[in-house]
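Q: everything below, folded, please.
(chains A and B)
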Amino acid sequence: MYIYDDYDQQIVDQRVAQFRDQTQRFLSGELSGEEFRPLRLQNGLYIQRYAPMLRVAIPYGHLRSDQVRALAEIARKYDRGYGHFTTRQNIQYNWPTLESVPDILADLAKVQMHAVQTSGNCVRNTTTDQFAGVAHDEIIDPRPWCEIIRQWSTFHPEFAHLPRKFKIAVCGSVEDRAATWVHDIGLHVVRNAAGEVGFKVIVGGGLGRTPIVGAVIREFLPTVHLLSYLDAILRVYNRYGRRDNKYKARIKILVKAMTPAAFAAKVEAEWAHLKDGPMTLTGAEIERMAGFFTMPAYEALPAEDAEFLRLRTENKAFARWVERNVFKHKQPGYAAVTLSLKATGIAPGDATDKQLDGVADLADRYSFGEVRVSHEQNLILADVKQSDLFKVWEAAKALGFATPNIGLLTDIIACPGGDFCDLANAKSIPIAEGIQRVFDDQDYLFDLGEIDLNISGCMNSCGHHHVGHIGILGVDKSGSEWYQVSLGGRQGHDASLGKVIGPSFAQDDVPGVVKQIIDVFVEHRQGDERFLDVFDRVGIEPFKARIYQKERAHG
Amino acid sequence: MVKTPHIVKLDRSSGQYEVIANHWLRVAEGCDDAIPAHTLLPLKEWLERRDELLDRADVGIWFAPDDEPEALGADAARLSMIAVDFPAFTDGRGFSIGRLLRERYGFEGELRAVGDVFKDTMYYLKRCGFDAFEVRADKDVHEAAKGLNDFSDAYQGAVDQPLPLFRRRSA
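A: Next up, the predicted model:
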């Protein structure tokens, strides 16, 4: 984990003072609502449907146990006893008062946390693989690069007021678990033929109302040039991105309008001026950052623990949890555990103060005091001994975090939707719950295998519906809430966008429609085929035919 | 356009600032006649009369957000006064203009931010090379000036401190 020094601490402390002053000036009328809005957004503060919402940054999803306890304390002290983990690896509080936000930020600063640039038209929290540093398929640990980017982007004076928000994701493994192809910038840490480390640079991906898979603008960028190259991309975007229409202001629109090749040429021309300048990374800095992300003090253990194997054989429920929620670790005898925040009846990604305290305790006892957040809105204990898995499972069950559904249909990604969010056209949480209730048979769910079901309450796509194998989008039709369904989307290196199956459905019909989709899948399935494989083989028509066979849809 | 009464003027080497009276007039368009002293012309107008104006230290240029510093190029090094307009503080193009003028085109004269300028934009402006701030007439100029020092250090290299923190941290 990165540890603040005096410089980092001073920067977040001064931010707290600055925001306290801004809040006071707003409350006294010195700052208008219009002036305060962009300022508070750059501190993660929204004014929502019922109350303000504060989004706290969790840089690349990493937390220490003392930070998790601080998040629990904030939920108790300033909110209604819970928080919501987001698809950007952050946490949101739905019920703080505006007046209390400076105090919340001060409490966060005490544990080296902040809400800097968690919203607004600036560079947002950099995200990465939740299994960074422990994944069996990792090529290079992306985390030092994430921290380098975090520092570069924090209060960047030139890019504080971009045309629109800007999101960067970094991936260092064979499988892309960071959705890098649908970010404004996606970086793959790679090794070239000569064995040197560098980045493949992807630009202009994104979801939202114009979903686009990004384009590679540079196959190999040597690591020392990372920041000057990012400066070049951002400068081109800052100067030429559209500012006349917020729906066309993301970098993806600029890249598409210019063509990726022309955009790349413009970036290279700008970079020619910046390359080898002061922002060139030094070997000392790269080493310093890497030093924060070293391997913890692993014990030398056998690859398989005999007692663990025995318990897994004897206990079907435990075996099921291991199959779904335990991820293969690169260190023999260790495993990464995903705590599922997707129990039926609980809003996906929600955790109470007691659960957070419980997770902090588990982290201290079993996982070197660290916790991670995934963009699928679950929590991860990344370094658990195989021999401790049974105890962790039992503790997770007691916390309500042991639903064995990671990667299954009920591991639903969902935004807060119309229950909280001011932007939403429709609710998300009750839709997720309705679907989870239909698919309550664990054996059946297991048989269905991996299915990503993602729900967004509006076109802003916070629930990543475009890249769900099954995507559900809330739409507004003359004041009532409807849901459009798409199929075949996916994240990862073969990221692609789902196809809309047809006219949208009323809320009550959605679980039934999902049931029909699953029925068609099962009927066409050969052996253990995955949902996506069946979809790719049979296409969208059989699904359409079943769902629209009788007139249930309404235009 | 009218003159606003006060300018926060920053001494870039010492970091000290003072509030001074404004005596420059920014005009929306030029005229065919002689340009009076202390006039800020739109970039396009100045370029059209470049040869006549290049040596006049009492005539400056103002940039709109979509004006390109490239159009002025190395002439920037010979000017004593450039203003950059921020029609809304959320339009960040002027930050790039400031840096380009200072870092690429060698402009050493007064770089003045005009338009939607107030306390909460001062620090970033300073970092991007601005050393004069035409604070909005409805804001308290002395209060606004305090914004210059919202932060005492920063991670990135920029005009006011070209070395990023990572090059100074170990020192």
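
Q: any idea which element the residue in the stretch 451-555 of chain A positioned nearest to chain B lies in?
A: Among all residues of the stretch 451-555 of chain A, A:Asn460 sits closest to chain B, at 18.8 Å; criterion: Cβ to the nearest Cβ. In short, each C-beta sits where N, CA and C put it, glycine included. In the assignment (DSSP states H and E), A:Asn460 maps to no helix and no strand.

Q: so A:Ala257, which of the three states?
A: helix (DSSP: H, G, I helix; E, B strand; the rest coil).

Q: just the one 4 residues further on next, same as before
A: Under three-state DSSP, A:Ala261 falls in the helix class.

Q: how many residues are close by it?
A: 11 (other Cβ atoms under 10 Å in any protein chain shown).

Q: can you tell me how far it sits from chain B?
A: 21 Å (Cβ to the nearest Cβ, to the nearest Å).

Q: ok, now A:Ile217?
A: Distance from A:Ile217 to chain B, by Cβ to the nearest Cβ: 19 Å.

Q: can you tell me the helix or strand for that residue?
A: With DSSP H and E as the test, A:Ile217 turns up in strand A:215-222.

Q: for chain A, what is the nearest residue in chain B?
A: For chain B, Cβ to the nearest Cβ, closest residue to chain A: B:Gly92, 3.1 Å.

Q: ok, how many other residues are close to that residue?
A: Residues near B:Gly92, counting by other Cβ under 10 Å: 27.

Q: can you pull the residues of chain B lying near chain A?
A: Proximity of chain B to chain A (Cβ under 8 Å from any Cβ of the partner chain) is limited to residues B:89-93, B:95-96, B:99, B:104, B:118-120, B:123-125, B:127-128, B:150-158, B:162-167, B:169-170.

Q: correct me, but A:Ile517 touches A:Ala545?
A: No: the criterion here is Cβ atoms under 8 Å, and A:Ile517 misses it with A:Ala545 at 11.8 Å.

Q: spit out the contact partners of whatever residue of the stretch 151-300 of chain A ends up closest to chain B.
A: Relative to chain B, the nearest point of the stretch 151-300 of chain A is A:His161 (3.1 Å; Cβ to the nearest Cβ). Counting by Cβ atoms under 8 Å, 6 or more residues apart in numbering or on different chains, A:His161 touches A:Pro38, A:Asn121, A:Cys122, B:Phe89, B:Thr90, B:Asp91, B:Gly92, B:Phe95.

Q: regarding it, what is its secondary structure?
A: From three-state DSSP, the assignment for A:His161 is coil.

Q: before we move on, back to that, the residue of the stretch 451-555 of chain A closest to chain B: what's it in contact with?
A: A:Gly208, A:Arg209, A:Cys415, A:Leu423.

Q: low-confidence ranges, the stretch 51-200 of chain A, go.
A: By pLDDT under 70, the stretch 51-200 of chain A has no low-scoring segment.

Q: what residues does it have near chain B?
A: So far as Cβ under 8 Å from any Cβ goes, the stretch 51-200 of chain A lies against chain B at A:Asn121, A:Gln151, A:Trp152, A:Thr154, A:Phe155, A:His156, A:Pro157, A:Glu158, A:Phe159, A:Ala160, A:His161, A:Leu162.

Q: follow-up on the earlier one: so the helix or strand just after the strand holding A:Ile217 versus strand A:215-222, what angle?
A: Next helix or strand after strand A:215-222 toward the C-terminus (DSSP H and E): helix A:226-240. With axes from the mean of the first three to the mean of the last three Cα atoms, to 10 degrees as the basis, helix A:226-240 and strand A:215-222 are set at 150 degrees to each other.

Q: so, in contact with chain B or not, helix A:226-240?
A: Yes: among the residues of helix A:226-240, A:Leu227, A:Arg235, A:Asn238, A:Arg239 lie within reach of chain B under Cβ under 8 Å from any Cβ.

Q: which positions in the strand holding A:Ile217 come out as buried?
A: A:Ala215, A:Ile217, A:Arg218, A:Leu221 (16 or more other Cβ atoms under 10 Å in any protein chain shown).

Q: okay if I get these as TSV plus pLDDT?
A: Below are these laid out as TSV (pLDDT from 0 to 100):
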residue	pLDDT
A:Ala215	97
A:Ile217	98
A:Arg218	98
A:Leu221	98
